[in-house]
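Novice: sequence plus predicted model, see below.
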Amino acid sequence: MSKEISTPVRTKEILDKYGFKFKKSLGQNFLIDSNVLTKIVDQAKLTPESGAIEIGPGIGALTEKLAKQANKVVAFEIDQRLLPILKDTLSPYPHVKVRHTDVLEANVHQVIEEEFEKGQDLMVVANLPYYVTTPILMKLLEEKLPVRGIVVMIQKEVAERIAASPGSKNYGSLSLAVQYYAEARTALTVPKTVFVPQPNVDSSVLHLELRSEPPVDLHSEKYFFEVIRASFGQRRKTLLNNLQNNLLGKDKKIVIEEVLQETKIDGKRRGETLSMEEFAKLSNAFYTRIKD
C-alpha cells in the first residue's frame, strides 16, 4: 500500500491519529488524489535547483510532492494544530521548512531572503483556502516577489474571473488587477470529490506567469486601478455613468466627456468591454487632467 500522504486511506489514518477536526473558519479542504497533486506540481515546472513556497500545507500532501522535486520547500501554516502533524508526515524531507505564520501578515521578501539562495528559481504552489484567495494572490503580486510564477488551486469561478478576456461575462476588475502583473490561464478543473471535507463547488488550477515588466505604461499605477474600480462600480451602467458616479462626480461630466473623446473611447460602452490598453489610455488622460 502506498505510503503517500495524499491517499484517502493515509489521510484518514493521519487525521484519526491526531484527532484532527476541520475548522470551517480556516477553509480547510485537504486533497486526497495523488494524480491531481502531480498535475499541480507539473504545472510549476520545478527543477532540482528550484525553490517552492507553499501556503496552507494542511497535512503535507502537496508539500510532499513538491519536496520530491524541489531543492527546498518553505510552507506557511496558520493553524497551530497542524504543526505536530506536519513535523511527523514531512520527517523524511529535511529540506522542507514549515513557518507558523499567516502569509497575509508575513514579510515574504524577508522569508525568501532568509530561506533561499539569491537568484534561485522560485515558484509559489498552493491549494488556497477559498475565503482568502484574492487577498493572498494580490499580496503576492503587488509585493513583486522574486518568483517565476504562481500555481494555485482555487475556486473554479474565481479562476475563470481571473483568466477572463474583455467582453466576457467573467471579465472585471479582478481580471485586470491580476493580468497587470501576470499572464493568467486556467490549467485544469478539479472536481469537489477529491477533497475532504468536500467543498460545495469545483476548483481550478490557475497558472500565473509573472511579467518582467508591466504590459502598459502608466502615469500612476494607483490611479489606473482607481479608474478600473470606478468603471466596474455598477456593471449594468455605462462607462460615462460609472466614471461620473464613482470617480469624479456629476459636476465633472464635461471633463469626462472630453477625456472619452480624446481617447476615442465611447462613453456608452460598459467597463467589461474595455481592454487593459484602453484603461491605461483612459487613466493616463484623466491623471494628466486631474493632477495638473
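Specialist: Alright, I've got the coordinates.

Novice: remind me, longest helix of the chain?
Specialist: Assignment by DSSP state H gives helix 276-291 as the longest helix of the chain.

Novice: which other helices and strands does that one contact?
Specialist: Here helix 276-291 touches helix 173-181, helix 221-231, helix 253-262, going by 3 or more CB pairs under 8 Å, 6 or more residues apart in numbering; DSSP states H and E. To be clear about C-beta, it is placed using only N, CA and C from the backbone, and glycine gets the same treatment.

Novice: name the helix or strand for Val73, please.
Specialist: strand 72-77 (DSSP states H and E).

Novice: output that strand as CSV, nothing but the C-alphas.
Specialist: The C-alpha trace of strand 72-77 is given here as CSV (Å, rounded to 0.1, in the frame of the first residue of the first chain):
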residue,chain,number,x,y,z
LYS,A,72,13.8,23.4,-0.8
VAL,A,73,10.2,24.0,0.2
VAL,A,74,9.0,26.6,2.6
ALA,A,75,5.4,26.4,3.7
PHE,A,76,3.3,29.0,5.6
GLU,A,77,0.8,27.4,8.0
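
Novice: pull the helix or strand following that strand out as PDB, backbone CA atoms only.
Specialist: Downstream of strand 72-77, the first helix or strand assigned by DSSP H and E is helix 83-89. Output of helix 83-89 as PDB, limited to C-alpha atoms (Å, rounded to 0.1, in the frame of the first residue of the first chain):
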ATOM      1  CA  LEU A  83       2.400  21.800  13.200                       C
ATOM      2  CA  PRO A  84       3.000  18.400  15.000                       C
ATOM      3  CA  ILE A  85       1.200  16.600  12.200                       C
ATOM      4  CA  LEU A  86       3.500  18.200   9.600                       C
ATOM      5  CA  LYS A  87       6.500  17.500  11.700                       C
ATOM      6  CA  ASP A  88       5.600  13.800  11.600                       C
ATOM      7  CA  THR A  89       4.400  13.500   7.900                       C
END
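
Novice: what residues sit buried inside helix 83-89?
Specialist: Within helix 83-89, the residues that count as buried by 16 or more other CB atoms under 10 Å are Ile85, Leu86, Thr89.

Novice: residue contacts, the first one?
Specialist: Right, Ile85. Ile14, Tyr18, Phe20, Ile59, Gly60 (CB atoms under 8 Å, 6 or more residues apart in numbering).

Novice: residues contacting Val111?
Specialist: Applying CB under 8 Å, 6+ apart, we find Val111 in contact with Ile53, Val74, Arg99.
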